[in-house]
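**Student:** Sharing a model that was predicted from the sequence below.
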Amino acid sequence: MGKYFGTDGFRGEANVVLNYEHAIKIGRFLGWYYGARLDKKAKIVIGKDTRRSSYMFEYALCTGLMASGADAYIMHVTTTPSVAYITRVDDFDCGIMISASHNPYYDNGIKLLNSNGEKMDEETILKVEEYIDGGLEIPVASGHEIGRTVDYVAGRNRYIGYLISMSKFSFKDKKVGLDVANGAAWSIAKGVFDALGARTYVMNAEPDGYNINTDCGSTHIEHLQKFVVDNGLDVGFAYDGDADRCLCVDEKGNVVTGDHILYIYGLYMKERDKLLNNKVVTTVMSNFGLYKAFDKVGIEYEKTAVGDKYVYENMVKNGHRIGGEQSGHIIFSKYATTGDGILTSLKMMEVMLAKEKPMSELAAPVVFYPQVLKNVRVKSKPEAQNDPAVQAQVRKVAEELGDDGRILVRESGTEPVIRVMVEAGSDEICEKYVDSVIDVIKEDGHLA
């Protein structure tokens, strides 16, 4: 990770951490870089979510791009996966999404995508950062070289058509609830489900610039749970601010997490001989119950570091077809280069209709193990993590848990803390083993 850009873009409080001058410079660099590298006028597409500050960043990026000679194609309010899709299929040099995903409205972010719709490579990101810090001089366009903006709502419409084409079934007579989080899915999701024949019930679809993710969406799924039960719906889907993640609610009001989704669709693929390599890609934070369920049906799995970036890298490197996170970032590599919440919900509908089973029955084999996760603030994450006494205690816990649980100790990527997590048969067992590791961290003087 660089100075400004993390695994999911340059993110922070608008005009405090990430400001309009950063956006202008990012536009300036990308417009010049792709124009010079390809020896032509760069063509770059931009989308945004519903935050008030997204408009400021959109105009700032466009200003920078045009000043460097690029043409900026504006998709307006749209989802991250739609920008990734259009960047790839419409031959853009790169794509930009303005969003802070599931963060509150006052945060925002800038995500950069390469011409394949994938997260931009580290080498280019470092060059962007070098320019932001004044380490590069680039020319300003003049005369006929100055760029322009192009209204490209047609790109969003094309993506909507693509999603509709993904369904093999009519959703006629299915009652579906959608929590669009007052975010980017607001302008897309209902139209897709309506076109496929569903009786669509939508909540949190009145964005005002300040209410994105506020007590709604996939981070507050309890509201969709009640909504599904109160309205007698067949299923519900909740998205986050930029709709790159999806969580489900079954007809009984139970939450169906990303782990459940990986199991449901992974098994569906295996049953049709579509699960290449017989593997599903997870992160280390997937619940132990998922792995036990996979073992019972003979599905193998990979474990990556936390972050959909690492899931996708593993999938590309090894040719796997499905992967994701418990939080609902699910990647179907045959159809998308990033997590896509609306596509995920369509895939869940497909399994329900193909198997003629309710969501509760599809998700039932994944029985979550109790989990206790505690954060320990330390002076030095590497020293605490690599302490021989700490590692010895972790090994001891792992041996005692055996096949009935697991322990995970990892460094936070954003805070000066070590995260100690245990999954086992009861909360009491989890607490006991988590505390045993924390006690060693304390005894060895690592606490901050």
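**Tutor:** Arrived safely, thanks for sending.
**Student:** Can you give me the separation between the residue lying closest to Gln371 once chain neighbours are set aside and Val284?
**Tutor:** Distances taken as CB to CB, 6 or more residues apart in numbering place Glu423 nearest to Gln371, at 4.7 Å, with adjacent residues excluded. Where you see a C-beta, it was placed from the backbone N, CA and C, and this is true even at glycine. Glu423 sits 11 Å away from Val284, going by CB to CB, to the nearest Å.
**Student:** pretty sure the residue nearest to Gln371 contacts Leu290?
**Tutor:** No: Glu423 is not in contact with Leu290 according to CB atoms under 8 Å; the separation is 10.3 Å.
**Student:** Contacts for stretch 192-200, please.
**Tutor:** 160, 163-164, 167, 169-176, 178, 190, 342, 346 (CB atoms under 8 Å, 6 or more residues apart in numbering).
**Student:** Kindly recompute the last result at 6 Å.
**Tutor:** Outside stretch 192-200, the residues within contact range by CB atoms under 6 Å, 6 or more residues apart in numbering are Leu163, Ile164, Ser167, Ser170, Phe171, Lys172, Lys174, Lys175, Val176, Lys190.
**Student:** Stretch 17-25 now?
**Tutor:** Phe10, Gly12, Met56, Phe57, Ala60, Leu61, Thr63, Gly64, Ile132.
**Student:** Among the residues you listed, give me the pair with the biggest separation.
**Tutor:** Gly12 and Thr63 (20.4 Å; CB to CB).
**Student:** So, low pLDDT: which residues of the stretch 1-150 of the chain?
**Tutor:** 1 (pLDDT under 70).
**Student:** residue ranges of the helices in it, please?
**Tutor:** Per DSSP state H, counting those that start in this stretch, the stretch 1-150 of the chain carries helices over the ranges 20-38, 52-67, 80-89, 122-132.
**Student:** List just the nearest of the contacts of stretch 192-200 to Asn103.
**Tutor:** Lys190 (23.7 Å).
**Student:** tell me the contacts of that closest one?
**Tutor:** Thr200, Val202 are the contacts of Lys190 under CB under 6 Å, 6+ apart.
**Student:** confidence score at it?
**Tutor:** Note on Lys190: pLDDT of 98.
**Student:** Please, which helix or strand holds it?
**Tutor:** Element membership for Lys190 (DSSP states H and E) is helix 189-195.
**Student:** Kindly report the same for Val409.
**Tutor:** Assigned by DSSP H and E, Val409 falls in strand 406-411.
**Student:** okay, now Lys226: neighbour count?
**Tutor:** 14 (other CB atoms under 10 Å).
**Student:** Likewise for Glu415?
**Tutor:** For Glu415, the tally of surrounding residues (other CB under 10 Å) stands at 11.
**Student:** Equivalent analysis for the one 5 residues further on, please.
**Tutor:** With neighbours defined by other CB under 10 Å, the count for Val420 comes to 24.
**Student:** before we move on, what about the one 10 residues further on?
**Tutor:** For Cys430, the tally of surrounding residues (other CB under 10 Å) stands at 23.
**Student:** With Ser170 instead?
**Tutor:** Ser170: 11 neighbours (other CB under 10 Å).
**Student:** got the contact list for it?
**Tutor:** Gly197 are the contacts of Ser170 under CB under 6 Å, 6+ apart.
**Student:** mind checking the SS state of it?
**Tutor:** coil (DSSP: H, G, I helix; E, B strand; the rest coil).
**Student:** what's the distance between the residue of the chain positioned farthest from its centre and Gly155?
**Tutor:** Computed with CA atoms, centre = their mean, the residue of the chain farthest from its C-alpha average is Gly143, at 41.0 Å. Separation of Gly143 from Gly155 (CB to CB): 29 Å.
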